[in-house]
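Novice: structure, please.
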Amino acid sequence: MTVDRAPGVGDRLFAILQYLLPKHLLSRLVYALARCERTLVKNTLLRLFLHSYRLDLNEAVQSDPFAYRSFNDFFTRALRPEARPIDDSPQSIVSPVDGTVSQYGRLDNERLLQAKGREYSLLELLGGDRRLLETYRDGSFACIYLAPYNYHRIHMPCEGTLRGNLYIPGDLFSVNAATTRAVPRLFARNERLICNFETSFGSMALILVGALFVGSIETVHAGEINPVPRLRKAPQPLQDGLGRTFGKGEELGRFNMGSTVFVLFQRGRVTWDRTLVSQSMMRLGRPIGRCTQA
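Specialist: Next up is the predicted model:
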């Protein structure tokens, strides 16, 4: 996933096409198709997917792709615990997902880098919530993109107690490299769920960003979040799971199809690992940083 270059003609044409497409309608259609349990439909989708991507199915709890009830069950398949060991160093921050690091670093006041020449504001990303803005202003962030071939469950980068959920309605642009280069404020435009945690070294937020064909974000504490877009215009706080403590590496949720995850920390609380670089491939459980305040 290369985002650190200016958008080309192909990127712009792909973005224009998405502006014209009925993205929510298409995502709802894919939602239904991916959950179809008819053998012919399910197996056709599986064959097309397996032909397009190389997967190590030996990592999965169920290694036979055709044993799953639906394509979505296969897509969000569980892995064997030993396939993704979680670093247990007390101060380590681990990657919450398998994916590619899109951007990472320190916020410039409240500005985030999306791609070369494209910035957007933290306030926009947080749905206008000024309390969260003041919490994370000048903080640290990492943005990790999940491609279709990645493992699609999201886990905790460190231990934390859930203090808030905020669903923010929005668009459903693709979040691949071409769209990231071409569409301004992409992550602040798409629908997303913000899960805010209290940790031993301050606040941490995990932001699950929806995307084209990702008509559903699901968490273990709030279930499936799949609203009808026209009925929800303003950010919606969700009370499910508040006060629940999650351990490092514990599953938080999953994308029903692929997307992007942000991790936010308060100012001065995290030092990123020296091996962490933009466009590097991450695996769940691998250290990506260390907390610097206890």
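
Novice: using CSV, write out every CA atom in the longest helix seen in the chain.
Specialist: Longest helix in the chain by number of residues (criterion: DSSP state H): helix 39-52. Taking Å, rounded to 0.1, in the frame of the first residue of the first chain, the C-alpha atoms of helix 39-52 are listed here in CSV:
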residue,chain,number,x,y,z
THR,A,39,-24.0,-23.6,-1.1
LEU,A,40,-23.7,-22.5,-4.7
VAL,A,41,-23.4,-18.8,-3.8
LYS,A,42,-21.1,-19.3,-0.9
ASN,A,43,-18.7,-21.7,-2.7
THR,A,44,-18.6,-19.5,-5.8
LEU,A,45,-17.6,-16.5,-3.7
LEU,A,46,-15.0,-18.6,-1.9
ARG,A,47,-13.4,-19.9,-5.2
LEU,A,48,-13.2,-16.4,-6.6
PHE,A,49,-11.6,-15.1,-3.5
LEU,A,50,-9.1,-18.0,-3.1
HIS,A,51,-8.1,-17.6,-6.7
SER,A,52,-7.4,-13.9,-6.2
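
Novice: by contact count, what packs against it?
Specialist: Contact analysis of helix 39-52 by 3 or more CB pairs under 8 Å, 6 or more residues apart in numbering; DSSP states H and E lists helix 23-34, helix 71-75 as its packing neighbours. From N, CA and C alone the C-beta is placed, and that goes for glycine too.

Novice: between those, which gets nearest to Gln62?
Specialist: Closest approach to Gln62 among these is made by helix 71-75 (8.5 Å; CB to CB).

Novice: next structured bit after the closest one?
Specialist: strand 92-94 (DSSP states H and E).

Novice: pLDDT value on Tyr151, please?
Specialist: You'll see Tyr151 listed with a pLDDT of 93.

Novice: same question for Gly249.
Specialist: pLDDT at Gly249 comes out at 96.
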